[in-house]
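> Let me see the structure of the following:
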Amino acid sequence: MTLSKALVPTQSLPVRALMVLGGTAFIALAAQVSVPMIPVPMTLQTLAILIVGLSYGARMGALTVAAYLAEGAMGLPVFANGGNGLAFAGPTAGFLLGFVGMAWAAGFAADRGVKGLVPVALVALAVSALLYVPGVAWAMAADSLFGLDASKWGADSLASIWTWYMAPFLPGDAVKAVIAALVVSGGWAALKGRRA
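Prediction:
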């Protein structure tokens, strides 16, 4: 059972629709909390996605993030720094698409009953690390597959990928994974205390 199902046991279609809308709003707001970095700003977007996935489960988490991406594709300024669908043609595209898998993987663990601070933190860390696969793959393949100049993104070698796309973000991702675990395990603890 996920945290959302424990909090809202009867999840009718209107309730689920409200959950998806609430989740997309939460992610969009978190995306606006940004630390400028090159080529990708560091935001609280991934923290929100982890919390949504860990709270909603795999299907609802992935659906919520897919709806969030659809909002951006439609032109709504929901991505980092008020970005929209144009971000799908830039250096963040691989990370954006990877967000769906991130929410699904976090939710998969939640669906399997992973609870408690340390287990949830370990899942969040692993899922955060997996996000680099589509993010880096897009950055490295964008020039050859789509004719984009990846060198202007700092994606022209493995060393530059490490320097610009990974190393600056690893400490923040670790902190965000622990915060997500604190929020979700805290939610479970509060729910247990309320029932006692």
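
> Going by C-alpha atoms from here, please, whenever you check contacts or count neighbours.
Will do.

> Tell me the helices and strands packed up against the helix or strand where residue 135 lies.
Using DSSP states H and E, residue 135 maps to helix 132-146. In this structure, helix 132-146 packs against helix 93-111, helix 158-161, with contacts taken as 3 or more CA pairs under 8 Å, 6 or more residues apart in numbering; DSSP states H and E.

> Show me what counts as buried in that helix.
Neighbour-count burial for helix 132-146, with 16 or more other CA atoms under 10 Å as criterion, is recorded at 132, 134, 135, 136, 138, 139, 140, 141, 142.

> got a list of what the fifth one touches?
Listed by CA atoms under 8 Å, 6 or more residues apart in numbering, the contact set of residue 138 reads 91, 93, 94.

> from those, which has minimum pLDDT?
Across the contacts of residue 138, the bottom pLDDT score, 75, is held by residue 91.

> So, low pLDDT: which residues of this structure?
Where the chain drops to pLDDT under 70, the residues are 37-41, 143-156, 195-196.

> the longest helix in it is where?
helix 170-195 (DSSP state H).

> circling back to that earlier point, let me know which of the helices and strands packed on helix 132-146 is the nearest to residue 8.
When the helices and strands packed on helix 132-146 are compared by CA to CA, helix 93-111 sits nearest residue 8, at 15.2 Å.

> The closest one vs helix 170-195, what angle?
Put simply, helix 93-111 runs at 30 degrees to helix 170-195, going by axes from the mean of the first three to the mean of the last three CA atoms, to 10 degrees.

> Buried ones in helix 93-111, by neighbour count?
Buried positions in helix 93-111, judged by neighbour count with 16+ other CA under 10 Å: 93-111.

> cool, stretch 69-84 as well?
Buried, per 16+ other CA under 10 Å, within stretch 69-84: 69-73, 76-81, 83-84.

> What about these, which are in helices?
Using DSSP H, the buried residues of stretch 69-84 in helices are 69, 70, 71, 72, 73.

> I'd assumed residue 83 was in contact with the third one.
No - contact status for residue 71 versus residue 83: not in contact, 10.9 Å apart, counting by CA atoms under 8 Å.

> OK, contacts around the nearest residue to residue 69 once chain neighbours are set aside?
Nearest residue to residue 69, sequence neighbours excluded (CA to CA, 6 or more residues apart in numbering): residue 96, at 7.4 Å. Shown in contact with residue 96 (CA under 8 Å, 6+ apart): 69, 88, 135.
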